[in-house]
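Enquirer: Structure for the following, please:
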Amino acid sequence: MTNNKQVVEKVGQIYDWVTQQIQDEPVLAGECKVCGRCCDFEAFDHHLYVTTPELMYLADRLGAKNINPMATGRCPWQKENKCSIYDYRFASCRIFCCNGDKDFQSRLTEETLRKLKSLCTEFDIPYRYTSLPIALNSFTRPDEI
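Expert: Okay, the predicted model is just below:
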């Protein structure tokens, strides 16, 4: 059995690393205008993908009972153009900005995914990179992710 607390701690460290990369490159990262457009995946015509360790992190922070299916094309945690789980949001949410440099975002995403995947290897947990609706609609318990 995986030590979920260690995985959660390491995901937090990866998220801190992402934040530092964004702070180090503010022009390339862009500035979020808190418009909420990117949280409406259908209208914005994009997908949000999440990894197994990120779901473990979110379940730990919110409580597994608070991970609900995604009923629409809009992020279930977006409330009045604000993220209700901002401190616990996924790596893709941290990296993406409507006015950010796409190459910077791609490089940062690839490096972040490499780090998240390495956690799966280190802790012998399955690596999945799944769209948010599929991940949430199939979520049961953290130890079954």
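Enquirer: Tell me how many other residues crowd residue 116.
Expert: Counted with other C-beta atoms under 10 Å, the neighbours of residue 116 add up to 22. From N, CA and C alone the C-beta is placed, and that goes for glycine too.
Enquirer: so it sits right up against residue 91, yeah?
Expert: Yes: if you go by C-beta atoms under 8 Å, residue 116 and residue 91 touch, sitting 7.0 Å apart.
Enquirer: anything in contact with each of these two?
Expert: 14, 51, 54 (C-beta atoms under 8 Å, 6 or more residues apart in numbering).
Enquirer: most neighbours, which of those residues?
Expert: residue 54 (27 neighbours).
Enquirer: residue ranges for the helices of the chain, please.
Expert: For the chain, helices defined by DSSP state H occupy the ranges 4-24, 26-29, 41-44, 52-62, 91-95, 102-123, 132-137.
Enquirer: and the nearest residue to residue 128 once chain neighbours are set aside, how many neighbours?
Expert: Distances taken as C-beta to C-beta, 6 or more residues apart in numbering place residue 52 nearest to residue 128, at 4.9 Å, with adjacent residues excluded. When neighbours are counted by other C-beta under 10 Å, residue 52 registers 24.
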